[in-house]
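1. Fold the following for me, if possible:
(2 chains)
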Amino acid sequence: MATAAVPAPLIGAELALRMYEQMQRIRAFEERVDQLYRSAKMPGLAHLYVGQEAVAVGVCEALRRDDFITSTHRGHGHCLAKGAAVERMFCELLGKEEGYCRGKGGSMHIADHENGNLGANAIVGGSTGIATGAAFSAKARGSDQIAACFFGEGALGQGVLYEVMNMAALWTLPVVYVCENNSYNEYTHYRETTAGGLTERAAAFGIPQEAVDGQDVLAVYAAATRAVERARRREGPSFLLCETYRYHGHHVGDVDRAYYRSKEEEEQWKAERDPLQILRAWILEKGFADEEVLEQTAERVETEVAAAAEHALAAPFPDPSEVGEHVYAG
Amino acid sequence: MSTPAEVAVPKEHEGTREISLAQAVNEALAEELRRDPAVFLIGEDVAEAGTPFKVTSGLVEEFGPERVLDSPISEAGITGIGLGAAMTGMRPVVDIMFGDFLTLVMDQLANQAAKVHYMSGGRLQAPLTLRTTLGATRRSAAQHSQSLHAWVAHVPGLKVALPSTPYDAKGLLKTAIRDDNPVVFFEDKMMFAVKGPVPDGEYTIPFGVADVKREGEDVTIVATSSMVYVGLEAAELLADEGVSAEVVDPRTLVPLDRETLVASAKKTGRVVVVDEGHTSYGASAELAAAIAEDAFYWLDAPVRRAAAMDVPVPFSPVLEDQTVPTPESVAALSKSLLGKA
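-> Residues are numbered from 1 along each chain as shown, chains lettered A, B, ... in the order given. Model (predicted):
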């Protein structure tokens, strides 16, 4: 795995601390979601992003607010990194009126168009067309917006991804395909499902690819910036492979995982490759902040998340009469 | 299918120029491309080739390859790209050459486009038009002859239009393109050459407004798409035997103009529904149910269906011709409701 060299001027104290805070926010949010599930306060399930925070934050920090993203069933991290508010996220997860989708979408369908988020998606690979179409639209409208398309390595099994990558390359569309390889297609290691190399798929279309350590937000940010700038210059799509790891199970209910991966493997990633620890060490080394400041950041975010969850628990459900609204626009 | 153009004249537009249904669709596309820079066409062979049916001929010459795009053979991909473009300010018209290929776009259509507005609590919209075909008897066998409009009409969030005349096709397609929802627009590939009067000027036809194609007193024939011509011919056959048949064309399945269908059913007391989808669980069943629910006490006989046989469409003409409703079979079914052999 080639880790990109980070151009020093790219990441200063302000950006590093913002990325640290965003990653903390995502982790605190997800841990709270897990608690809500375990205490039977959340309807349905959720797919937690813990362990993968550096990918969403590294990519979204390279985007503008008016750039587009599409997300996945494991989408809370992407939504938050693109600017979604914690409170409205919790409200959506709990099916409340204040949620991003007025409770109609839930965990897997959060869309936040003010921040360019065209939606999480519960079909693996299902949003790859939408992201590519948003890039097509940006080009057709003469806008310099770009689209980032998040998907897991499981989506490499879906044909539609290759259909749209082909057209993105043919038509020089400003889209960045971000493949998050957390190693597991649900409960099956990707090596059991995926022949050949991962970046070679993009190479077949003539799409430039880069593989980065997805636990290192600096590397993700640097590679994403290169891909985004290329798209912004209207030079076409890129493919970013981020090697990462899912700390929790496929979803919150997937707690007995020994049949598909070992505790040792999980512990090793957490101990040696934790994205928050990696960034924390770098910030300290650079002298951008001291331990105390980072601790305060973590505490502030934790307080914010706890308050938002409490707010969401107390928030009203939508009026039952809303069930028939929004089937059709206009 | 037989296509007697002379029986399908929209009353209010008699005397205007006669153009084919293919030309009417072409005009609608050209006018909307001219009117709104957000409109673009994407599909297999829609540019220089003008599609195998020559429906889009001339458009790339006027609007250029950036607005009339020849795509790879990637139905799911172009529908997905159309959807993403629709969600971000464009009004794409996606061309799916054969309705049978809806199988390939179903995730993009049913799971994505249809649900975007609802799942986002009304925050996102998908003004996407997907044009495709239906209809058998072209000797094209089981993978190029299906009429799958019931599949998409079953999915809340999609609108479904099935015009029968050039006039309706043009007016409804312009409405589809301007609609803020995903619309699946079915054209019977056997109707492209059918001619009919179309006014020179600008017009649109609202969705959810059925059209009485022929007035009558004794029996109502509700017919969709090219089956309107079968219904009109059946009405001629019935007239020869002293039976007055009314032919009603819903024009859009979603939204459905129940009121007009039910009013006709109440007037005549007898209804045959003619549709080229398969009989079982088809559009004809839904139309029959709507009438039975709302006009039951006015009916003198059960609502009957004349739809395609529940078999894959066979190739051999002697086999294929048995699978679809004909003027004779519809007339016979109508007579049976009147107690006539």
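
2. would you list every one of the helices in chain B?
-> Along chain B, counting by DSSP state H, helices occupy B:21-35, B:59-63, B:75-86, B:102-106, B:116-119, B:149-153, B:166-178, B:227-240, B:258-268, B:283-295, B:317-320, B:327-337.

3. what about the ones you listed, which gets the closest to chain A?
-> Ranking the helices of chain B by their distance to chain A (criterion: Cβ to the nearest Cβ) puts helix B:75-86 first, at 1.4 Å. Heads up, the C-betas are built off the backbone N, CA and C, glycines and all.

4. what is the rounded mean pLDDT of that closest one?
-> Helix B:75-86 shows a mean pLDDT of 98.

5. Including distance to chain A and mean neighbour count, could the helices of chain B go into JSON lines?
-> Compiled in JSON lines, those are given as follows (distance: least, Cβ to the nearest Cβ, whole Å; neighbours: other Cβ atoms under 10 Å in any protein chain shown):
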{"stretch": "helix B:21-35", "distance to chain A": "13", "mean neighbour count": "21"}
{"stretch": "helix B:59-63", "distance to chain A": "12", "mean neighbour count": "16"}
{"stretch": "helix B:75-86", "distance to chain A": "1", "mean neighbour count": "31"}
{"stretch": "helix B:102-106", "distance to chain A": "9", "mean neighbour count": "20"}
{"stretch": "helix B:116-119", "distance to chain A": "4", "mean neighbour count": "25"}
{"stretch": "helix B:149-153", "distance to chain A": "14", "mean neighbour count": "23"}
{"stretch": "helix B:166-178", "distance to chain A": "10", "mean neighbour count": "25"}
{"stretch": "helix B:227-240", "distance to chain A": "26", "mean neighbour count": "24"}
{"stretch": "helix B:258-268", "distance to chain A": "16", "mean neighbour count": "19"}
{"stretch": "helix B:283-295", "distance to chain A": "17", "mean neighbour count": "20"}
{"stretch": "helix B:317-320", "distance to chain A": "32", "mean neighbour count": "12"}
{"stretch": "helix B:327-337", "distance to chain A": "33", "mean neighbour count": "20"}
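
6. Which stretch among these approaches residue A:50 most closely?
-> helix B:116-119 (24.7 Å; Cβ to Cβ).

7. Does residue A:45 touch residue A:107 like I think?
-> Yes. With contact defined as Cβ atoms under 8 Å, residue A:45 counts as touching residue A:107 (7.1 Å).

8. just to revisit the earlier point, dump the helices of chain B into a markdown table; add distance to residue A:314 as well.
-> Shown next, in a markdown table, are those (distance: least, Cβ to Cβ, whole Å):
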| stretch | distance to residue A:314 |
| --- | --- |
| helix B:21-35 | 49 |
| helix B:59-63 | 55 |
| helix B:75-86 | 37 |
| helix B:102-106 | 41 |
| helix B:116-119 | 25 |
| helix B:149-153 | 41 |
| helix B:166-178 | 43 |
| helix B:227-240 | 56 |
| helix B:258-268 | 43 |
| helix B:283-295 | 43 |
| helix B:317-320 | 64 |
| helix B:327-337 | 61 |
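
9. how about the residues of the stretch 1-150 of chain B near chain A?
-> Contacts of the stretch 1-150 of chain B with chain A, taken as Cβ under 8 Å from any Cβ of the partner chain, map to B:38, B:40, B:66, B:69, B:71-72, B:74, B:76-90, B:92, B:107-108, B:111-112, B:116-125, B:127.

10. Minimum distance to chain B, which residue of the stretch 51-200 of chain A gives it?
-> Closest point on the stretch 51-200 of chain A to chain B, by Cβ to the nearest Cβ, is residue A:129, at 1.4 Å.

11. residues contacting that residue?
-> A:160, A:163, A:164, B:76, B:77, B:79, B:80, B:81, B:83, B:84, B:108, B:112 (Cβ atoms under 8 Å, 6 or more residues apart in numbering or on different chains).

12. at 6 Å what do you get?
-> Neighbouring residues of residue A:129 by Cβ atoms under 6 Å, 6 or more residues apart in numbering or on different chains: A:160, A:164, B:80, B:81, B:84, B:108.

13. Identify the residue nearest it in space, chain neighbours excluded?
-> Closest residue in space to residue A:129, ignoring its immediate chain neighbours: residue B:80 at 1.4 Å, by Cβ to Cβ, 6 or more residues apart in numbering or on different chains.

14. cool, residue B:163 as well?
-> Counting by Cβ to Cβ, 6+ apart, residue B:163 lies nearest to residue B:169, which is 3.9 Å off, once chain neighbours are set aside.

15. do residue A:145 as well
-> residue A:138 (4.1 Å).

16. Show me the helices in the stretch 101-250 of chain A, by range?
-> A:128-140, A:159-170, A:199-204, A:217-232 (DSSP state H, counting those that start in this stretch).

17. Redo the ones you listed as CSV? Include mean pLDDT.
-> Putting those into CSV (pLDDT from 0 to 100) gives the following:
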stretch, mean pLDDT
helix A:128-140, 98
helix A:159-170, 98
helix A:199-204, 98
helix A:217-232, 97
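
18. Of these, give the one that comes closest to residue A:269.
-> For residue A:269, the closest of these is helix A:217-232, at 15.6 Å, according to Cβ to Cβ.

19. For that closest one, buried residues please.
-> A:217-228, A:230-232 (16 or more other Cβ atoms under 10 Å in any protein chain shown).
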